[in-house]
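**Q** no FASTA, just this:
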């Protein structure tokens with residue numbers, strides 16, 4: 001049974017069609033959209049500010065979603081994949097974005113739609129990743145523009161796959 005906890009009178013809102021793994025943690029002021037999945041050991045901690053997550057978002061194993069006390073909420077759009085062990089903190093991620101494994105998105109960043117953050121990248125405070133960009137490195141910098149093939153071939157494919165994967169676990 002996942003840890004779903006009320007904090008300061010605020011309880012996570014999780015639609016019936018979402019999958020939350022048995023050892024995931026979701027606390028406080030968190031709203032999930034439809035068809036989301038929160039995987040093993042992932043933590044979504046809406047204790048210090050709100051976290052709003054759109055539709056068809058997958059938060060993969062070990063990822064951490066948090067915010068900044070009284071300053072920066074975390075807002076995640078639709079069709080977003082947050083890779084294994086990524087950290088997303090007090091920022092905005094728009095629609096159709098892939099956040100690579102082990103990457104870090106810091107406070108007050110904006111990751112615009114149709115973008116990819118490469119595995120292991122560190123997107124430093126206040127960075128704006130323009131729509132259609134791929135960012136990589138430490139600190140993360142733009143490495144190239146994204147192609148339409150990469151949007152459908154990676155961003156859409158991964159988000160759709162995670163909807164399917166979650167259905168396997170709901171059947172049990």
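**A** Cool, got the structure. Just so you know, these numbers come straight off a predicted model, no measurement behind them.

**Q** so residue 97 touches residue 78, yeah?
**A** No: contact criterion C-beta atoms under 8 Å: residue 97 and residue 78 do not qualify, at 9.5 Å. C-beta here means a position set from N, CA and C on the backbone, and glycine is covered the same way.

**Q** so how far is stretch 122-141 off the chain centroid?
**A** 15 Å (C-alpha atoms, centre = their mean, to the nearest Å).

**Q** what residues sit buried inside it?
**A** Neighbour-count burial for stretch 122-141 flags 122-123, 127, 129, 131-136, 140 (criterion: 16 or more other C-beta atoms under 10 Å).

**Q** what packs against the helix ranked longest in the chain?
**A** When the chain is scanned for its longest helix (criterion: DSSP state H), the result is helix 157-170. For helix 157-170, the elements it packs on are strand 19-20, strand 37-38, strand 58-59, strand 81-82, judged by 3 or more C-beta pairs under 8 Å, 6 or more residues apart in numbering; DSSP states H and E.

**Q** for residue 37, see how far away residue 107 is.
**A** Per C-beta to C-beta, to the nearest Å, residue 107 is found 25 Å from residue 37.

**Q** neighbour count: those two, which is higher?
**A** Legend: neighbour count by other C-beta atoms under 10 Å for residue 107 and residue 37, higher for residue 37 (26 against 16).

**Q** list the contacts for residue 144?
**A** When contacts are counted by C-beta atoms under 8 Å, 6 or more residues apart in numbering, residue 144 touches 133-134.

**Q** give me the contact list for the helix or strand of the chain with the lowest mean pLDDT.
**A** Between all helices and strands in the chain, the lowest mean by mean pLDDT, DSSP states H and E belongs to helix 148-150, at a mean of 80. Applying C-beta under 8 Å, 6+ apart, the external contacts of helix 148-150 come out as 116, 134.

**Q** may I see the buried residues of that helix?
**A** residue 150.

**Q** ok, the residue nearest the centre of the chain to residue 51 distance?
**A** Residue closest to the average C-alpha location in the chain (C-alpha atoms, centre = their mean): residue 82, at 4.1 Å. The gap separating residue 82 from residue 51 is 12 Å, by C-beta to C-beta.

**Q** need the overlap of contacts for these two.
**A** 65, 76.

**Q** quick one, longest strand in the protein?
**A** strand 43-53 (DSSP state E).

**Q** partners of that one in the sheet?
**A** Strand 43-53 has these partner strands in its sheet, going by DSSP bridges: strand 25-32 (parallel), strand 64-66 (parallel), strand 74-76 (parallel).

**Q** now that strand: buried residues?
**A** In strand 43-53, counting by 16+ other C-beta under 10 Å, buried: 43-49, 51-53.

**Q** closest one of those residues to residue 87?
**A** Nearest to residue 87 among these is residue 43, at 9.8 Å by C-beta to C-beta.
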